[in-house]
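Asker: model the following, please.
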Amino acid sequence: MISFNMKEKPFSSENNLILTTENTTSVLQYIGQEREQKGKSEQLIHQIDNLRQQAEKNSDFTTALVLFQEKMLCSQHLIMEAKTEKNTTKATKGLFLTGKTAKEMIDFQQVHQDKIDPIINTRTDRFLGRYYDRLHQFKKSEQLYQKGLDFFNSLESVDQKYNRLEFSGFLAFSKLKQKKPDWFDLTTQTLSDFNKSPEGIWLKDTDYYTWAVWKSGVEIRTSDTLLNTKYQKKYQKNINFWIKDADSILTMPDGNRNVFQLRLDELNAVKAKLK
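Answerer: Numbers count the residues shown, from 1 in each chain. A predicted model of the protein is given here:
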């Protein structure tokens, strides 16, 4: 995930963005802001495609791959929104777009792999893993998450290693869906790492938004899954704690809660199951 300052908005969505060497970071920050706004993901897809074509023309293959990943996020957000809206047409469109983008991204990566930042290359496994999660192919997603986790665990620099937190959370989810016995220990360890590990502390201090989205995602997905199983009673105390914690962290340090609307919609849907 691209780190950004939620107070900054250097571009207007009404403008056609021109990608240059000088503004690449700001453009990616803008895309990162906009796709997190409820209902904006679908509108961004054409803009992202245009920017990616510019990046490829400029031989900036790392940025081009980031934009493929942003498109994957937008299509997955369509699925998330469709779930809360109970809109099957939107969900079908989101899943189709995710699959189409995944194939295009893999093809692109295979051609230009040696010219792409290894960090960005590896983060592709996170997006492909989520696609396989949507298809209920959890054995495949587990392999991708484990591969990514092994890579980021091997790094020493905290400003790169922090990616392990997201991979670890998704790996725990994949194991839960497969009913593997170690899912619970991995989940609790991951949530603890968000709070206590050097990379978790660094991420919270450096980019609170990303930290809160990632951590609450683990708590919400896990709770939602358990509420649909016979294990709800066994883990009810954990579910209650995770939901309460997710709710408490989805507020920016300046008090802004609106920036988390997509995640809050997910949380509210889980809360409704508890009533």
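Asker: in the strand or helix carrying residue 128, what counts as buried?
Answerer: Secondary structure here is read from DSSP states H and E; on that basis residue 128 sits in helix 118-134. Buried residues in helix 118-134, counted by 16 or more other Cβ atoms under 10 Å: 120-134. (Glycine included, C-beta is placed from N, CA and C.)
Asker: so what does it touch, helix or strand wise?
Answerer: The helices and strands touching helix 118-134, judged by 3 or more Cβ pairs under 8 Å, 6 or more residues apart in numbering; DSSP states H and E, are helix 61-85, helix 88-112, helix 138-153, helix 163-177.
Asker: want to throw those into CSV with mean neighbour count, distance to residue 241 and mean pLDDT?
Answerer: Shown next, in CSV, are the helices and strands packed on helix 118-134 (neighbours: other Cβ atoms under 10 Å; distance: least, Cβ to Cβ, whole Å; pLDDT from 0 to 100):
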stretch, mean neighbour count, distance to residue 241, mean pLDDT
helix 61-85, 22, 23, 91
helix 88-112, 16, 30, 94
helix 138-153, 19, 24, 98
helix 163-177, 24, 16, 98
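Asker: then the helix holding residue 128 to PDB, C-alphas only?
Answerer: The C-alpha coordinates for helix 118-134 follow below in PDB (Å, rounded to 0.1, in the frame of the first residue of the first chain):
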ATOM      1  CA  PRO A 118      11.700  -6.700  -6.000                       C
ATOM      2  CA  ILE A 119       9.400  -5.300  -3.200                       C
ATOM      3  CA  ILE A 120       6.700  -4.400  -5.700                       C
ATOM      4  CA  ASN A 121       7.200  -7.700  -7.500                       C
ATOM      5  CA  THR A 122       6.600  -9.600  -4.300                       C
ATOM      6  CA  ARG A 123       3.600  -7.600  -3.300                       C
ATOM      7  CA  THR A 124       1.900  -9.000  -6.400                       C
ATOM      8  CA  ASP A 125       1.400 -12.200  -4.400                       C
ATOM      9  CA  ARG A 126      -0.800 -10.300  -2.000                       C
ATOM     10  CA  PHE A 127      -3.200  -9.300  -4.800                       C
ATOM     11  CA  LEU A 128      -3.200 -12.700  -6.500                       C
ATOM     12  CA  GLY A 129      -3.800 -14.400  -3.100                       C
ATOM     13  CA  ARG A 130      -6.900 -12.200  -2.500                       C
ATOM     14  CA  TYR A 131      -8.200 -13.200  -6.000                       C
ATOM     15  CA  TYR A 132      -7.800 -16.900  -5.100                       C
ATOM     16  CA  ASP A 133      -9.600 -16.200  -1.800                       C
ATOM     17  CA  ARG A 134     -12.500 -14.800  -3.700                       C
END
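Asker: quick one, it and helix 163-177 angle?
Answerer: When axes from the mean of the first three to the mean of the last three Cα atoms, to 10 degrees is applied, the directions of helix 118-134 and helix 163-177 differ by 20 degrees.
Asker: distance between the worst-scoring helix or strand of the chain on mean pLDDT and the chain's centre?
Answerer: Sorted by mean pLDDT, DSSP states H and E, the helices and strands of the chain end with helix 24-35, the least confident at a mean of 89. Between the centre of helix 24-35 and the centre of its chain there are 15 Å (Cα atoms, centre = their mean, to the nearest Å).
Asker: now swap in stretch 185-193 and tell me
Answerer: On Cα atoms, centre = their mean, the centre of stretch 185-193 falls 18 Å from that of its chain.
Asker: in that stretch, what's buried?
Answerer: Within stretch 185-193, the residues scored as buried using 16+ other Cβ under 10 Å are 186-187, 190-191, 193.
Asker: quick one: mean pLDDT for it?
Answerer: Stretch 185-193 shows an average pLDDT of 98 in the prediction.
Asker: contacts for that stretch?
Answerer: 165, 168-169, 171-172, 175-176, 199-200, 215, 218-219, 222, 242 (Cβ atoms under 8 Å, 6 or more residues apart in numbering).
Asker: counting contacts, what elements does the following helix or strand past the least confident helix or strand of the chain pack onto?
Answerer: Counting by DSSP H and E, the next helix or strand C-terminal to helix 24-35 is helix 41-57. Helix 41-57 sits against helix 24-35, helix 61-85, with contacts defined as 3+ Cβ pairs under 8 Å, 6+ apart.
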